[in-house]
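A.B. asks: the following comprises the amino acid sequence and a computationally predicted model.
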Amino acid sequence: MENIHQLNTREWWFFIVSTIFLSIWIIAAAYSSPIYNWDLIPYVASALSYEITDPTLLHKTTYDSIKATVPEPIFAALISGAYPQHMFENAKDFISQLNFYEIKPLYIYLIYILSSMGVPLVAATLVISSLSVIAANILIYHWLSRYLSVYIAFLVTICVSVASRLADLSRASTPDALSALVILIALYLLIEKKLFKTTLVLLILSLFIRYNNIIFVGLFMLYYMYFDFLAKAKFKFSFVHAAFIVSIFSYFLIKMIYQPYGWWVLFHHGFVSYIYNPVGFDVPFSLALYIEALKTAALSLFLGGVSLPSVIYGFILISIIALHNSNSLVRRYNFLIYIIYLNFSAYFFLFPGIAQWDRFFTPFYVLVTIFAIINYRNKGLTATASTSKA
């Protein structure tokens, strides 16, 4: 059984006060320097579409709402460039872009709920991101405090939040912070509380925040189904099988309701050239274009020069450290690191946008860091115990 650090009264007070500091830090970062990228616009439009069905009115209301909220130079930047300018001027083509975004229904619905409560739409996106990051930081802090001094855990939490770019997600109008929070809660409940069924439910929920989480969720459930089969030496329907069926059903339900464009459309739009109206896109799959995009991604990944496109390199190194001479807890769950490797690989071949990876992989960066810390801490305890006996 793991040697869990118990907080005394003084440490609990420090934990509470420092948690308030973490919250203020994230709120200050989110609202003093928000990241306004073009994705903000279709997310706002998707939320408005709950009440506005006329395409022309939806287009006008979206841009008017954003223009009234963000600083004028920011709005000018959001509509500058060939693609953003075209979307600003062409309502029909802009509406055709929303299928790329409406497939995150839980995130969109939360924006809508906040706006119906009087929160401006742009601010609503930042509220979701900042609160998600605050909650994720508190979870990380609590998790680390089980294995480290609360004072060290506080400093490490800040370092992990910054290094994994979790803190940056608080400033972005995207579903990534909320997705990271739900996955981190799921993994914490699995590893520390052994609440396997709750973990599965939360992983299914994550699909409604970002449906390409299906890669990690599917690999996770397949692993447990395989070892369930090995343990019983025969197939016996269990909760994990039901969860797998529900996750696949959820994935296709989202596709059926929101009718997202196919993988090749998404790939071409993201990694070949912008598609101004995906509804009329009829360019067939091109192996040459696909390989060229992968080649560009590989060069960026391995020959990026001084400016690295992602922090994934450092966290892969940390994951190797976590696997090396791991203690009983990490050994029990080290399969998660291998699933994360498979997830990384799948993204490379399906969505090779290296510069965007960090926002998808943040919860996994955090997990491998916590595993490495648990290893380091338990090795220190073992060394201390050995010295005492000597």
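C.D. replies: Sure thing, it's come through. Numbers count the residues shown, from 1 in each chain.

A.B. asks: separation between Ile340 and Ile318?
C.D. replies: The gap separating Ile340 from Ile318 is 11 Å, by CB to CB, to the nearest Å. Just so you know, the C-beta spots here come from the backbone N, C-alpha and C atoms, and that holds for glycine as well.

A.B. asks: looking at those two, which is more packed in?
C.D. replies: Ile340 (22 against 19; other CB atoms under 10 Å).

A.B. asks: in the strand or helix carrying the more buried one, which residues are buried?
C.D. replies: Element membership for Ile340, per DSSP states H and E: helix 335-350. Buried positions in helix 335-350, judged by neighbour count with 16 or more other CB atoms under 10 Å: 336-337, 339-340, 343-344, 347-348.

A.B. asks: for the residues you listed, which one is nearest Lys92?
C.D. replies: Nearest to Lys92 among the buried residues of helix 335-350 is Tyr347, at 31.9 Å by CB to CB.

A.B. asks: show me what the helix holding Ile340 is packed up against.
C.D. replies: Using 3 or more CB pairs under 8 Å, 6 or more residues apart in numbering; DSSP states H and E, the elements in contact with helix 335-350 are helix 214-232, helix 287-302, helix 312-323, helix 357-389.

A.B. asks: how about those, which one is nearest Ala172?
C.D. replies: Of all these, helix 357-389 comes closest under CB to CB, at 7.2 Å.

A.B. asks: now do that closest one, average pLDDT.
C.D. replies: Averaged over helix 357-389, pLDDT sits at 76.

A.B. asks: what's the end-to-end length of stretch 77-85?
C.D. replies: In stretch 77-85, first residue to last residue: 10 Å (CA to CA, to the nearest Å).

A.B. asks: run the chain-centre distance for it.
C.D. replies: 26 Å (CA atoms, centre = their mean, to the nearest Å).

A.B. asks: who touches that stretch?
C.D. replies: For stretch 77-85, contacts defined as CB atoms under 8 Å, 6 or more residues apart in numbering pick out 36, 38, 40-41, 63, 66, 70, 87-88, 274, 276.

A.B. asks: need these in CSV with neighbour count, pLDDT and distance to Gly314, can you?
C.D. replies: Output for the contacts of stretch 77-85, formatted as CSV (neighbours: other CB atoms under 10 Å; pLDDT from 0 to 100; distance: CB to CB, whole Å):
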residue, neighbour count, pLDDT, distance to Gly314
Tyr36, 21, 93, 28
Trp38, 15, 95, 29
Leu40, 24, 96, 29
Ile41, 27, 97, 33
Tyr63, 20, 97, 39
Ile66, 21, 96, 35
Val70, 17, 95, 33
Met87, 25, 97, 36
Phe88, 17, 97, 39
Tyr274, 15, 94, 32
Tyr276, 18, 95, 38
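
A.B. asks: now the buried residues of helix 335-350 in CSV, with pLDDT and distance to Tyr101?
C.D. replies: What follows is these, written out as CSV (pLDDT from 0 to 100; distance: CB to CB, whole Å):
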residue, pLDDT, distance to Tyr101
Leu336, 96, 29
Ile337, 95, 31
Ile339, 96, 27
Ile340, 96, 26
Asn343, 95, 22
Phe344, 94, 24
Tyr347, 93, 19
Phe348, 91, 23
